[in-house]
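> Sequence and predicted model, in that order:
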Amino acid sequence: MKPRAHLDFETASPADLTKTGVYRYAEDAQTRAWLFRYRIGDGPRKGWRPGQPDPVDLLQHVAEGGTVVAHNAAFERVIWNWWLRARLPHWPVLQIEQMDCTMARAMAMDLPGSLELLGTVCNFTAKKDMEGAALMKRMMRPRKVDEYGRVVQWWDAPENIDRLEQYCDADVGAEEEADFMLPPLSANEKTIWNFDQLINERGIQVDVSLLHAAEKLIEKAKQHADARMAVLTMGAVKKCSESGKLLKWIQARGVLADSMAKHETDDILSVAGLLGDVLVAEAVKLRASAGKASVSKIRAMLDTVCRDGRIRGLLQYYGAGTGRWAGRLVQPQNLPRLDWGEDGQRILLLLALLRDTGHDAELAHATCSMLLGPPLEWLSKALRSFIIAAPGRKLVGGDFSNIEGRVNAWLAGEQWKVDAFAAYDAGTGHDLYKLAYGKSFGVEDIDSITKPQRQLGKVQELALGYQGSVGAFLKFTVTYNMKLEPIVKAVREATPPDVWDAQAAKYAGERNKYNLPLEYWTAIKIIVVAWRKAHPRIVQSWWNLQDAVIAAVDTPGEIIAVENYPISFVCSPSRDFLYCILPNGRLLAYPEPQIVEAREDQIVYADGAVRNTDDYTPDELEMIRLYGIDKDAMFCTYKEGNRHRKVTCAAMEKGNWWRYALYGGLICENIVQAVSRDILVEAMFRVEAAGYPVVLTVHDEILTEPPVGFGSEHEFVKIMSVKSEWYKTLPLSAAAWEDQRYVK
């Protein structure tokens, strides 16, 4: 067996790697490599610096196809191929297939991707060199840059480089420990990782000239928005970004508001509407428009684009514990969705305006405002359209229709729904969102269901399949820009008065952390209850999954099958990991599973209202126990709940290693998304093999860039719709499109 090489680079550049990505970083004229350290097999650790003789043993290892291990291996490979070989073209190419990425292996086990955090969690013997780390971060950037952005001075004192070499040597040691401790990717997952690297290296083409025009328009639109804000508030708020001043101005006008947080602006607008305060309403909308995070992607695209007009490195393999990709840099997974049928012509008009007036931002702003409306709103909608096909090529994209809803019903054996999907695909069944509404509210004449009712059925389907309740429903109404008033009206009309009153009676007795009015809360709870009643097998699967997880952690080493569900769980004998065995054999890993005894205590008030104890601080709970009153002097009683068992696991969350509870709906969501990912991956390989080069994947969509004149939408759908044996009975439906721009 050939020895493995471990490799780690130390580099520097005026370019910010976190903003540019490694490809744009590597081609920057001022980027430099200070050095690298390496070790082949159990030999000594060695190093190389620019100007030194070639590391012959490493070059021979690479040329012979030997395995090279690195943490975040894409960085080492790109610096080697794009930066080093541009200066030393006789060095061999470092191939994707010979790379082994310990970061990818860690993330596949749902462990931290950061080498430092991974070492802490896995208790590496090599401890972090904090002094060396501080020096490395300083040496990553120039010491001094002139007014034109040219490097004047680096942190290149010989003693700094020597100390950096020591730090790099320690990192090689940590990577060796990671390589030793982490299980390898399965053969199938290694093939997927290789494919991921190829997709990232291809990148996507963007319309650079229109991006520059759009950036000018954004700046002009923000100037106009600030000027309008100053007029509306008579100088009290001079910029849309001055949230504190805006809040004070709103409060001074008699509109109750606690903050300008995104989730509270709808409440402010509602109150302003009731009071007839059009100035407050316009000011809040103006701030929201000017602060759109999505338009910042224009700058991100320009920061990351390479010389050939392509943006690379947009995907993170196993970015989620389910195996799904996460977005990086431009964050393509978060691009606003576009209804091309409704807005397509206006998007094309916006692009034409940018092309014709982009050199004159004032003219572009005036024209866009007159013909379309607020420029920032339309630029946000148009973001996908800045992704284009390269000359001589076209974009062909396809996605699966409601794949999570289909997979959820299929796994749980919700046969009426599986049959309904199949009938709809065959052209003999009803629209599934209409059917969902009809099933929930007892409407037999599906054709009579209105558009608002269908939209309600859609939000039900998307929000409630994973044990979601009021909070999940509210989240999706925001996502799809749905107003609650029509929903409440539709539910009220569809619900018998006695059912409505019975649910409304529970308003005081249940925790209502969303501060919803009685009518709103009642309507949403009726929607939740109705959906669950219509889906008994899915609801039962939540409890069966939860029971199986507890049983697996209770009996390490024993495979626990889930009742009426094609999934099993097994806990490692050491209890280091809980594994979920998917229908195709892939494993989902849950680190550090533990069974804990939980008790859901409650606070009961004199009027019958009940609240969970996590609404209170420890001091407040102690006061309730001792005196029977809360902090507002309201009489209440501390009531101990029944004990129950649950499994908790560890995971990364916002840079911290924390514990969370595995409940049925969350496990269900993980499994459904993992199965959906594996179905998508198989389709990605099929379209690639058929001549459609994959350049991006976003959620359940594949974007490819074949030559003009090649293939067709019909062929693409046919290829995507092929099913493997393990999901042969799953009703699957795909749709495709082609264009010169990303129009989906």
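Arrived safely.
> did I read that right, residue 626 in a strand?
No. Residue 626: not assigned to a strand; according to DSSP: H, G, I helix; E, B strand; the rest coil it is helix.
> The closest residue to residue 317 other than its chain neighbours and residue 684, how far apart?
In this structure, residue 317 finds its nearest non-sequential neighbour in residue 196, 4.3 Å apart by C-beta to C-beta, 6 or more residues apart in numbering. Quick note: C-beta positions are derived from backbone N, CA and C, even for glycine. Separation of residue 196 from residue 684 (C-beta to C-beta, to the nearest Å) stands at 10 Å.
> list the contacts for the spatially most central residue of the chain?
For the chain, the residue nearest the mean C-alpha position is residue 326 (5.3 Å; C-alpha atoms, centre = their mean). By C-beta atoms under 8 Å, 6 or more residues apart in numbering, the contact list for residue 326 reads 315, 316, 319, 320, 333.
> Mind jotting down where the strands sit in the stretch 201-350 of the chain?
204-206, 310-311, 315-316, 326-327 (DSSP state E, counting those that start in this stretch).
> more crowded one of residue 196 and residue 684?
The residue with more neighbours, out of residue 196 and residue 684, is residue 196; 24 against 20, by other C-beta atoms under 10 Å.
> Averaging pLDDT per element, find the lowest-scoring helix or strand in the protein.
The weakest-scoring helix or strand in the chain, judged by mean pLDDT, DSSP states H and E, is helix 262-275 (a mean of 68).
> rewinding a little: report the secondary structure state of the residue nearest to residue 317.
Residue 196 - assigned by three-state DSSP - is helix.
> Same check on residue 528?
Going by three-state DSSP: residue 528 is helix.
> tell me the contacts of it?
Contact partners of residue 528, counting by C-beta under 8 Å, 6+ apart, are 464, 468, 469, 470, 473.
> do that again at 7 Å, thanks
464, 469, 470, 473 (C-beta atoms under 7 Å, 6 or more residues apart in numbering).
> now swap in residue 287 and tell me
So residue 287 contacts 240, 246 (C-beta under 7 Å, 6+ apart).
> 8 Å instead?
229, 240, 243, 246, 260.
> got a pLDDT number for the fourth one?
Right, residue 246. Model confidence at residue 246, expressed as pLDDT, equals 88.
> now it: how far from residue 518?
Residue 246 is 31 Å from residue 518, by C-beta to C-beta.
> Equivalent analysis for the second one, please.
Computed as C-beta to C-beta, the residue 240 to residue 518 distance reads 35 Å.
> In terms of neighbours, single out the busier of these two.
Using other C-beta under 10 Å, the more surrounded residue of residue 240 and residue 518 is residue 240, with 20 against 11.
> Tell me how far residue 269 lies from residue 558.
For residue 269 relative to residue 558 (C-beta to C-beta), the value is 55 Å.
> would you say residue 47 is within a strand?
Yes. Assigned with three-state DSSP, residue 47 falls within a strand.
> Now the nearest residue to it once chain neighbours are set aside: which helix or strand?
Nearest residue to residue 47, sequence neighbours excluded (C-beta to C-beta, 6+ apart): residue 37, at 4.7 Å. Residue 37 belongs to strand 32-40 when assigned by DSSP states H and E.
> Could you give the average pLDDT over stretch 59-75?
Here the average pLDDT along stretch 59-75 is 98.
> got it, and stretch 458-472?
For stretch 458-472, mean pLDDT rounds to 86.
> Can you list the buried residues in that stretch?
Residues of stretch 458-472 classed as buried by neighbour count (16 or more other C-beta atoms under 10 Å): 458-470, 472.
> same question, stretch 431-445
431, 432, 433, 434, 435, 436, 437, 438, 439, 440, 441, 443.
> which residues does the fifth one contact?
Which is residue 435. 420, 429, 446, 457.
> Just the local confidence number for the first one, please.
Confidence per residue is given as pLDDT, and for residue 420 that number is 92.
> Going forward, count from 52.
Sure thing, new numbering starts at 52, so read that last one as residue 471.
> and the closest residue to residue 276 other than its chain neighbours, how many residues sit next to it?
The shortest distance from residue 276 to any non-neighbouring residue, by C-beta to C-beta, 6+ apart, is to residue 341 (4.2 Å). As a burial measure, residue 341 scores 22 neighbours (other C-beta under 10 Å).
> Grab the longest strand from the protein for me.
Taking DSSP state E as the criterion, the chain has its longest strand at strand 694-704.
> Okay, now the sheet partners of the next helix or strand along the chain from it, with direction.
Next in sequence after strand 694-704, counting helices and strands by DSSP H and E, comes strand 707-713. If you go by DSSP bridges, strand 707-713 pairs up with strand 694-704 (antiparallel).
> tell me the pLDDT at the closest residue to residue 589 other than its chain neighbours?
Once flanking residues are discounted, residue 589 sits nearest to residue 463: 4.4 Å by C-beta to C-beta, 6+ apart. On pLDDT, residue 463 comes in at 97.
> Does the residue nearest to residue 368 touch residue 365 like I think?
No. Using C-beta atoms under 8 Å, residue 247 is not in contact with residue 365, being 10.7 Å away.
> which neighbours do the two share?
Counting by C-beta under 8 Å, 6+ apart, nothing touches both residue 247 and residue 365.
> returning to what we had before: turn the strands of the stretch 252-401 of the chain into a markdown table, including mean pLDDT and distance to residue 791.
Formatted as a markdown table, those follow (pLDDT from 0 to 100; distance: least, C-beta to C-beta, whole Å):
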| stretch | mean pLDDT | distance to residue 791 |
| --- | --- | --- |
| strand 255-257 | 98 | 10 |
| strand 361-362 | 98 | 15 |
| strand 366-367 | 97 | 23 |
| strand 377-378 | 95 | 23 |
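> Same list, those, but as JSON lines with distance to residue 195 please.
Output for the strands of the stretch 252-401 of the chain, formatted as JSON lines (distance: least, C-beta to C-beta, whole Å):
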{"stretch": "strand 255-257", "distance to residue 195": "32"}
{"stretch": "strand 361-362", "distance to residue 195": "30"}
{"stretch": "strand 366-367", "distance to residue 195": "34"}
{"stretch": "strand 377-378", "distance to residue 195": "34"}
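> wait, which of these is closest to residue 558?
Minimum separation from residue 558 across the strands of the stretch 252-401 of the chain (C-beta to C-beta) falls at strand 377-378, 38.9 Å.
> Give me the neighbour count for residue 264.
Counted with other C-beta under 10 Å, the neighbours of residue 264 add up to 23.
> show me the contacts for it.
Counting by C-beta under 8 Å, 6+ apart, residue 264 has contacts 405, 406, 408, 409, 410, 415.
> Where is pLDDT lowest across these?
Among these, residue 409 has the weakest pLDDT, 72.
> per the record, what domains does the chain have?
56-235, 259-361+390-439, 446-454+719-790, 466-585, 591-643, 648-713 (automatic domain parsing).
> Compare these and give me the one nearest residue 243.
domain 446-454+719-790 (5.9 Å).
> next one: the closest one to chain centre, how far?
Here domain 446-454+719-790 is found 19 Å from its chain centre; the criterion is C-alpha atoms, centre = their mean, to the nearest Å.
> follow-up on the earlier one: tell me which strands the strand holding residue 88 pairs with, and in which orientation.
Sheet pairing of strand 83-91 (DSSP bridges) gives strand 56-63 (antiparallel), strand 97-99 (antiparallel).
> all helices in the stretch 552-701 of the chain, in order from the N-terminus.
Per DSSP state H, counting those that start in this stretch, the stretch 552-701 of the chain carries helices over the ranges 569-585, 587-605, 669-678.
> could I get the contacts of residue 377 as JSON lines with distance to residue 459 and neighbour count?
As requested, the contacts of residue 377 are exported to JSON lines (distance: C-beta to C-beta, whole Å; neighbours: other C-beta atoms under 10 Å):
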{"residue": "366", "distance to residue 459": "25", "neighbour count": "20"}
{"residue": "367", "distance to residue 459": "25", "neighbour count": "21"}
{"residue": "370", "distance to residue 459": "22", "neighbour count": "16"}
{"residue": "371", "distance to residue 459": "17", "neighbour count": "15"}
{"residue": "384", "distance to residue 459": "21", "neighbour count": "18"}
